[in-house]
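>>> Here is my input; please provide its structure:
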Amino acid sequence: MKNEAFAPTPELLAKMDAWWRAANYLSACQLYLLDDPLLRRRLTERDIKKKIVGHWGTVPGQNFIYTHLNRVINEYDLDMIYLSGPGHGGNAMVAQDYLDGSYTDVYPNITRDAAGMQRLFKQFSFPGGIPSHVAPETPGSIHEGGELGYTLSHAYGAVMDNPSLLAVAVVGDGECGEGSIWEAAMYAHQYKLGNLVVFVDRNGMSFDGPTEEYMALEPFADKWRAFGWNTVTIDGHDMNAILDAIDALPAPDSDVPTVIIGKTVKGHGVSFMENNVSWHAGCVNEADWIKAKAEITEAYERKWGAEA
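I've put the predicted structure just below:
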């Protein structure tokens, strides 16, 4: 589907990068903040939630994919739906809804100012608020994102109901241990649902530990090929590779479903967190924070320069 006439300009990419960063900020603040949404003063303990329910890990990737899918929608005038599979990635979808204004349209008390942001942040995974996953309360949601394994079934149901729709689902490899994923994969091939695309975050880890120890998935790509899917494997840490995959999405009238497998490392960029399942829901102390920040800063400056 790639058309060089629609190649994004540097100005557009800069705007999309700003949108992505804003979505990431809103997502992170939903996890952690009770007050001071614009960080106008030094945070105190009273500004931070006592118990964090939710995860950061899937959020930047989901925000990146979602942002650039919107670019493709505008470039090609597509009807598209995005389905979020990761269990605790609801803050990403809420952030996107808030940025585009649809969240305030549905919930007028969540205003588009500092007071509204404070209410948005406080309600997330909080008593009397909203769940940490993509729940029915999320504007535009057609499924319950907290239960793993349903996403692909809902995606093929969406395109069966509307053959002109392009459905893009994001799932984790831990979720791919569920039988419903493979039933949906078989169904999509049988009924030639080429307007179904799945991104898989293949980091080899889940809440229960390495996927190969409790529910072996390898040869993972070959399994999808055996089910009749167009199978693409990319470096999930390479933004340009993700962009190329998005630009190469099949036309809605295709008859072969596509899976894009992003090879990633859990905890990437922080040496003591990489491939360590205890950090799936771990909390950093001050020493951890200092070390992690130093490693991330060094890597960033090495790639982009100290002035970036």
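>>> where does the protein have low pLDDT?
1-7, 87, 144-148, 306-308 (pLDDT under 70).
>>> ranges for the strands of the stretch 151-300 of the chain?
In the stretch 151-300 of the chain, the strands defined using DSSP state E, counting those that start in this stretch lie at 166-172, 196-202, 205-206, 209-210, 230-235, 258-263.
>>> now residue 239: how far from residue 65?
Relative to residue 65, residue 239 is positioned 10 Å away (Cβ to Cβ, to the nearest Å). For the C-beta atoms, the positions are set from N, CA and C on the backbone; glycine is no exception.
>>> Pick out whichever of the two has more residues nearby.
residue 65 (23 against 14; other Cβ atoms under 10 Å).
>>> Could you confirm that one falls within a strand?
No. Under DSSP: H, G, I helix; E, B strand; the rest coil, residue 65 sits outside any strand and is assigned helix.
>>> That one against residue 170, yeah?
Yes. Between residue 65 and residue 170 a contact is recorded at 6.3 Å, counting by Cβ atoms under 8 Å.
>>> Now do the shared contacts for those two.
82, 199 (Cβ atoms under 8 Å, 6 or more residues apart in numbering).
>>> what's the first-to-last distance across stretch 103-117?
Its first and final residues considered, stretch 103-117 spans 11 Å by Cα to Cα, to the nearest Å.
>>> And it, how far out from the chain middle?
The chain centre lies 23 Å from the centre of stretch 103-117; the measure is Cα atoms, centre = their mean, to the nearest Å.
>>> Can you list the buried residues in it?
Neighbour-count burial for stretch 103-117, with 16 or more other Cβ atoms under 10 Å as criterion, is recorded at 103-104, 107, 110, 116-117.
>>> Reformat these as a markdown table; add secondary structure and distance to residue 17.
Listed next are the buried residues of stretch 103-117 as a markdown table, based on DSSP: H, G, I helix; E, B strand; the rest coil; distance: Cβ to Cβ, whole Å:
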| residue | secondary structure | distance to residue 17 |
| --- | --- | --- |
| 103 | helix | 22 |
| 104 | helix | 24 |
| 107 | coil | 28 |
| 110 | coil | 25 |
| 116 | helix | 24 |
| 117 | helix | 21 |
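>>> Determine which two of those residues are furthest apart.
Pairwise distances across the buried residues of stretch 103-117 peak at 12.8 Å for 107 and 117 (criterion: Cβ to Cβ).
>>> So which residue is dead centre in the protein?
In the chain, the centroid-proximal residue (Cα atoms, centre = their mean) is residue 62; its distance is 1.9 Å.
>>> Just give me the neighbour total for residue 102.
14.
>>> The closest residue to it other than its chain neighbours: what's it in contact with?
If you skip the residues right next to it in sequence, residue 102 has residue 139 as its closest partner in space, 4.9 Å away by Cβ to Cβ, 6 or more residues apart in numbering. Residue 139 sits next to 97, 102-103, 105-106 when contact means Cβ under 8 Å, 6+ apart.
>>> mind checking the SS state of residue 139?
Per three-state DSSP, residue 139 ends up coil.
>>> need the contact list for residue 175.
So residue 175 contacts 85-86, 148-149, 151, 181 (Cβ under 8 Å, 6+ apart).
>>> scratch that, residue 224
Contacts of residue 224 by Cβ under 8 Å, 6+ apart are 185, 231, 259, 261.
>>> Can you give me the neighbour number for the first one?
When neighbours are defined as other Cβ under 10 Å, residue 185 has 23 of them.
>>> Any chance of the backbone angles for the nearest residue to it once chain neighbours are set aside?
Computed as Cβ to Cβ, 6+ apart, the closest residue to residue 185 that is not its neighbour in sequence is residue 227, at 4.6 Å. When read as degrees, to the nearest 10, the backbone of residue 227 gives phi -80, psi 0.
>>> re earlier: nearest to residue 161, out of the buried residues of stretch 103-117: which one, please.
Taking Cβ to Cβ as the measure, residue 103 is the one of the buried residues of stretch 103-117 closest to residue 161, at 25.0 Å.
>>> report the longest helix in this protein, please.
Ranked by number of residues, the top helix in the chain under DSSP state H is helix 10-32.
>>> quick one: residue 183 and residue 115, what's the gap?
Distance of residue 183 to residue 115, computed by Cβ to Cβ: 46 Å.
>>> got the buried residues for stretch 13-26?
16, 19-20, 22-24, 26.
>>> Need the residues that contact that stretch.
8, 59-60, 63-64, 66-68, 71, 91-92, 94-96, 98-99, 117, 120.
>>> tally of neighbours for the residue nearest to residue 201 when sequence neighbours are not counted?
Nearest residue to residue 201, sequence neighbours excluded (Cβ to Cβ, 6+ apart): residue 172, at 4.9 Å. Neighbour count of residue 172, defined by other Cβ under 10 Å: 25.
>>> Same question for residue 42.
Neighbour count of residue 42, defined by other Cβ under 10 Å: 7.
>>> same question, residue 8
If we define neighbours as other Cβ under 10 Å, then residue 8 has 16 of them.
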